[in-house]
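In: Using only what follows, build the 3D model:
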Amino acid sequence: MNRNELITFFESDLNNLITEIELYKNEENIWRIEKSISNSAGNLTLHLIGNLHTFIGKEIGKTNYVRNRELEFTQKNVPRIELINSINTTLEMVKKSLLSITKEELKNDYPILKFSKVETNEYLLVHLLKHLTYHLGQINYHRRLID
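Out: Numbers count the residues shown, from 1 in each chain. Reported below is the predicted structural model:
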């Protein structure tokens, strides 16, 4: 997979995430949990933003991002427009970071041991896409159930 294909997939899913957040009729429902639903769409969105900024921005794009993973799941009631702006900022960071990586660097080892063994940058990026898509599906389901 090349960097342009990766950018296309991230761009599509992050734009779909914006659409999902925009589709909530009642903005308060973005943060609603009930019964066995333990994460709101808002917290999943914050988690995705933190995850991408950590594993793409900080390590590939060489940003100075400092993650507060706990806050991704405890922060509440961030206005919809702020979530959308943060998603757009994340998308720009992903594009910039991935445009800086060469075809050869995609095959290099990812600098942090995230899995049981060392994996390539390309492997990690595909994993991050899967993670994004998984939570995007949860958010879609959350919206249709709650809103």
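In: Next one: Phe115 from Leu128, what distance?
Out: 12 Å (CB to CB, to the nearest Å). For glycine as for every other residue, the C-beta is placed from the backbone atoms N, C-alpha and C.
In: Between the two, which is the more surrounded one?
Out: A side-by-side neighbour count of Phe115 and Leu128, using other CB atoms under 10 Å, places Leu128 first with 22 against 11.
In: ok now do that one, which residues does it touch?
Out: Each residue near Leu128 by CB atoms under 8 Å, 6 or more residues apart in numbering is listed here: Asn51, Leu52, Phe55, Ile56.
In: ok now do Ile112, which residues does it touch?
Out: By CB under 8 Å, 6+ apart, the contact list for Ile112 reads Phe55, Glu59.
In: Now do the helices in the chain.
Out: Assigned helices in the chain, in chain order: 3-23, 41-52, 69-74, 80-99, 103-106, 121-146 (criterion: DSSP state H).
In: picking up where we left off before, what about the contacts of Leu128, which one has the most neighbours?
Out: Neighbour max across the contacts of Leu128 (other CB under 10 Å) = Ile56, 26 neighbours.
In: closest to Ile60 out of the helices of the chain?
Out: helix 80-99 (4.7 Å; CB to CB).
In: Show me how far that closest one is from its chain's centre.
Out: 9 Å (CA atoms, centre = their mean, to the nearest Å).
In: That helix packs against which elements?
Out: Applying 3 or more CB pairs under 8 Å, 6 or more residues apart in numbering; DSSP states H and E, one finds that helix 80-99 contacts helix 3-23, helix 41-52.
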